[in-house]
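Colleague: sequence and predicted structure below; questions after.
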Amino acid sequence: MPELYDLTSRHILITGASSGLGEHAARLFSSRGANLTLAARRVDHLDALARELRTTRQTSRFNATADDLRAHSAQIHVVEMDVCDEESVANGFATSIKSLGVPDVVLNNAGVAHTASALKTDSSDWQRVVDTNLKGVWFVAREAALHMTEAKTKGCIINVASILGMRVAGGVSAYATSKAAVIQLTKSLALEWARHGIRVNALAPGYMETELNREFFATDAGKELIKRVPQRRLGNLSELDGPMLLLASDASSFMTGSVIVVDGGHLVSSL
Ligand SMILES: NC(=O)c1ccc[n+]([C@@H]2O[C@H](COP(=O)([O-])OP(=O)(O)OC[C@H]3O[C@@H](n4cnc5c(N)ncnc54)[C@H](OP(=O)(O)O)[C@@H]3O)[C@@H](O)[C@H]2O)c1
């Protein structure tokens, strides 16, 4: 069974790897022996993470089996990438490919949130959210697919959406709209790229505690929100591990255009 989820020597490019979910995914995929490209704007965070991952791999070499040694020879590469900037995305992929080859898997995770009522959301806030969460996801997916098709790599792309792409809450109109669009984009790309052997799926997490929302969940409104989650708690990032390993590996070989919800039952909360 573990071979089904094997990622040894797969090249996985992660956007938004400098914190939260992306950083967590980097540790997860690294522990499974994948070669990684860590992408984001804060290169100092990526460098620190890359150092940590290399050290962890070296340290865990003692008493290693032959399989472990093979996994630990994997490489970690850092690229500066602003997903809102088409040229930056193209350059990031180009340097990543020079070092590690065309990615087999892209975790299209970079995203930003904005909390304000629709009446108080100005056009620059709207633009920043939609540019990052939607146009950025499209830039990255398209760049990945261009390289995968050219190299005939039967790769897969995992777009990080949100349960706010499926239901709404007050004060997040730009964010919810961008994530709903990511879900529809995922399905469109899955349809178009299946003929190239490229799978495109989405992960729709519920509320997980990260930098993006830590302050909010400490407020009274945040605490009230947690009470509306059927499991009455926030998710731990480790609870995304199973779905991420499924989507990144051959275990999901017949899945494309799917959206996996991981939310403690939030989407089925009582109306
Ligand atoms: N946390 C949750 O509860 C939750 C729930 C559902 C969905 N999500 C989604 O999960 C994803 C990750 O969020 P998170 O919670 O881990 O938040 P986070 O800790 O704030 O991480 C966001 C990441 O996105 C990167 N990023 C933002 N703008 C970027 C840009 N223009 N170019 C490149 N990278 C950029 C940031 O890196 P730099 O600043 O270094 O560029 C950072 O690494 C997002 O798509 C978010 O919408 C989160």
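Modeller: Cool, got the structure.
Colleague: and the closest residue to P103 other than its chain neighbours, its phi and psi?
Modeller: Closest residue in space to P103, ignoring its immediate chain neighbours: L13 at 4.1 Å, by C-beta to C-beta, 6 or more residues apart in numbering. All C-beta spots, glycine's among them, are computed from the backbone N, C-alpha and C. Note on L13: backbone dihedrals following degrees, to the nearest 10 are phi -100, psi 130.
Colleague: for L13, give me the pLDDT.
Modeller: In this prediction, L13 carries a pLDDT score of 98.
Colleague: might you report the residue contacts of it?
Modeller: L36, T37, A39, F93, S96, P103, V105, V106, L107, A144 (C-beta atoms under 8 Å, 6 or more residues apart in numbering).
Colleague: which strand residues bridge it?
Modeller: T37, V106 (DSSP bridges).
Colleague: quick check: it vs A141, distance?
Modeller: Distance of L13 to A141, given as C-beta to C-beta, to the nearest Å: 11 Å.
Colleague: likewise for R128?
Modeller: 20 Å.
Colleague: between those two, which one's more packed in?
Modeller: When neighbours are counted by other C-beta atoms under 10 Å, A141 comes out ahead of the other of R128 and A141, with 23 against 14.
Colleague: what about that one, which helix or strand?
Modeller: Applying DSSP states H and E as the criterion places A141 in helix 136-151.
Colleague: partner strands of the helix or strand that that helix is followed by, with direction?
Modeller: Heading C-terminal from helix 136-151, the first helix or strand you meet, by DSSP H and E, is strand 156-160. Applying DSSP bridges to the sheet, strand 156-160 is found paired with strand 105-108 (parallel), strand 199-205 (parallel).
Colleague: strands along this structure, start to end?
Modeller: Under the criterion DSSP state E, the chain contains strands at 11-15, 35-40, 76-80, 105-108, 156-160, 199-205, 259-262.
Colleague: save these as JSON lines, and put in distance to the ligand too.
Modeller: Shown next, in JSON lines, are those (distance: least, C-beta to the nearest ligand atom, whole Å):
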{"stretch": "strand 11-15", "distance to the ligand": "6"}
{"stretch": "strand 35-40", "distance to the ligand": "4"}
{"stretch": "strand 76-80", "distance to the ligand": "9"}
{"stretch": "strand 105-108", "distance to the ligand": "8"}
{"stretch": "strand 156-160", "distance to the ligand": "4"}
{"stretch": "strand 199-205", "distance to the ligand": "4"}
{"stretch": "strand 259-262", "distance to the ligand": "9"}
